[in-house]
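Visitor: need the 3D shape of this:
(one chain, ligands or ions: 1)
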Amino acid sequence: MAVPELTLHVLAQSHPCMTVEAALRRKDLAYERVALTPGKHTATMEELYGSGRTTVPGLLVDGEPVHGSRPILARLESLAPEPPLYPEPIAGAVREAERWGDEELQDLGRRLSWGALHFRPEAMGTLGGAGPLDPAGTDFAMRFVHAGWKYHGISAVRLADDLAGLPAKLDHVNALVDEGVCAGEEPNAADLQIGATLRVLLVVGDLRPLLEGRPAEGLARRWFPDYPGDIPAGAFPAGWVPTRG
Ligand SMILES: N[C@@H](CCC(=O)N[C@@H](CS)C(=O)NCC(=O)O)C(=O)O
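Guide: Numbers count the residues shown, from 1 in each chain. A predicted model of the protein is given here:
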């Protein structure tokens, strides 16, 4: 079978895009990576992937659009079955954990990092791999973060709820590891979906104590060793971050 031409559309720092790139590397599939400009990406994505499909990642397989991290991983699995992303005999459990990672965890990578930046806007510079922003840059970041809160539907109440619910989600990750669904020798689809979000959470200093030394941290750092950014601890108001049980 001829190897299809693959073109991946991403935004920098996007965790579901990291998931897909890790899967492409795992399958050893060559692809062209197109990094879109935030803001302008929505028009490009809709043009290529169809009406309403504004988010990244998207993959063109010989020009045929596949949109979203889970459909893309499923498609890669049928294009190149080895090594498997849904290995037997745990394929069903991996699919369910992947779904959970996408539907229940992935948004926290957006809401908790944007949430923390509201309180430490100068740290936005670190997400691009540089140092903290200067005062003029911080003025810009404050407007940007305000727009980000609006776009992602973040409010202080929602943020506090997300933080309160995080330990239960991390316990679920631990259970997946204990059950042998995640964190095996080779990465599966659930490792890549869940690990990418956890890697983003490690950037938020307030959250690191909840993750460090637990399977969640290993899962994130093993498959996603490099991800810039540091939002210093003390960003969230006192009492909002649950203490580790
Ligand atoms: N669950 C989807 C979510 C994709 C998603 O929300 N991607 C974000 C980047 S992390 C995005 O495109 N944001 C820009 C936008 O919403 O316009 C997936 O896994 O593909």
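Visitor: how far does the helix or strand where residue 116 lies sit from the chain's center?
Guide: In this structure, residue 116 sits in helix 106-119 according to DSSP states H and E. Once both centres are worked out by C-alpha atoms, centre = their mean, to the nearest Å, helix 106-119 turns out to sit 11 Å from its chain's centre.
Visitor: pull out the buried positions in that helix.
Guide: 106, 108-119 (16 or more other C-beta atoms under 10 Å). (C-beta placed from N, C-alpha, C; glycine too.)
Visitor: following it, which helix or strand shows up next?
Guide: Along the chain past helix 106-119, the next helix or strand (assigned with DSSP H and E) turns out to be helix 124-127.
Visitor: does the ligand sit close to the helix or strand just after that next one?
Guide: As assigned by DSSP H and E, the chain's next helix or strand after helix 124-127 is helix 135-151. No: applying C-beta under 6 Å from any ligand atom, one finds that helix 135-151 is not in contact with the ligand, the shortest distance being 7.1 Å.
Visitor: give me the mean pLDDT for helix 135-151.
Guide: Per-region confidence: helix 135-151 scores 97 on mean pLDDT.
Visitor: what residues does that helix touch?
Guide: Applying C-beta atoms under 8 Å, 6 or more residues apart in numbering, the contact partners of helix 135-151 are 114, 115, 117, 118, 121, 122, 124, 125, 133, 154, 155.
Visitor: quick one, helices of this protein?
Guide: Counting by DSSP state H, the chain forms helices over residues 15-26, 41-49, 69-79, 91-100, 106-119, 124-127, 135-151, 156-178, 189-201, 208-211, 215-223, given from the N-terminal end onward.
Visitor: so which of those is nearest residue 9?
Guide: Of all the helices of the chain, the one in closest proximity to residue 9, counting by C-beta to C-beta, is helix 41-49 (6.6 Å).
Visitor: would you put the C-alpha positions of that closest one in CSV?
Guide: Provided in CSV are the C-alpha atoms of helix 41-49 (Å, rounded to 0.1, in the frame of the first residue of the first chain):
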residue,chain,number,x,y,z
HIS,A,41,-6.8,29.4,12.5
THR,A,42,-10.6,29.2,12.6
ALA,A,43,-11.2,30.2,9.0
THR,A,44,-8.4,27.9,7.7
MET,A,45,-9.7,25.0,9.7
GLU,A,46,-13.3,25.4,8.5
GLU,A,47,-12.2,25.8,4.9
LEU,A,48,-10.2,22.5,5.1
TYR,A,49,-12.3,20.4,7.6
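Visitor: show me the contact partners of it.
Guide: Counting by C-beta under 8 Å, 6+ apart, the neighbours of helix 41-49 from elsewhere in the structure are 9, 11, 36, 52, 53, 54, 55, 56, 58, 60, 65, 67.
Visitor: quick one, what contacts the first one?
Guide: Remark: with contacts taken as C-beta under 8 Å, 6+ apart, residue 9 is in contact with 34, 36, 41, 44, 45, 48, 56, 57, 58, 59, 60.
Visitor: residue 192 and residue 110: what is the separation?
Guide: Using C-beta to C-beta, to the nearest Å, we find residue 192 at a distance of 18 Å from residue 110.
Visitor: please apply the same query to residue 210.
Guide: Using C-beta to C-beta, residue 210 is found at 18 Å from residue 110.
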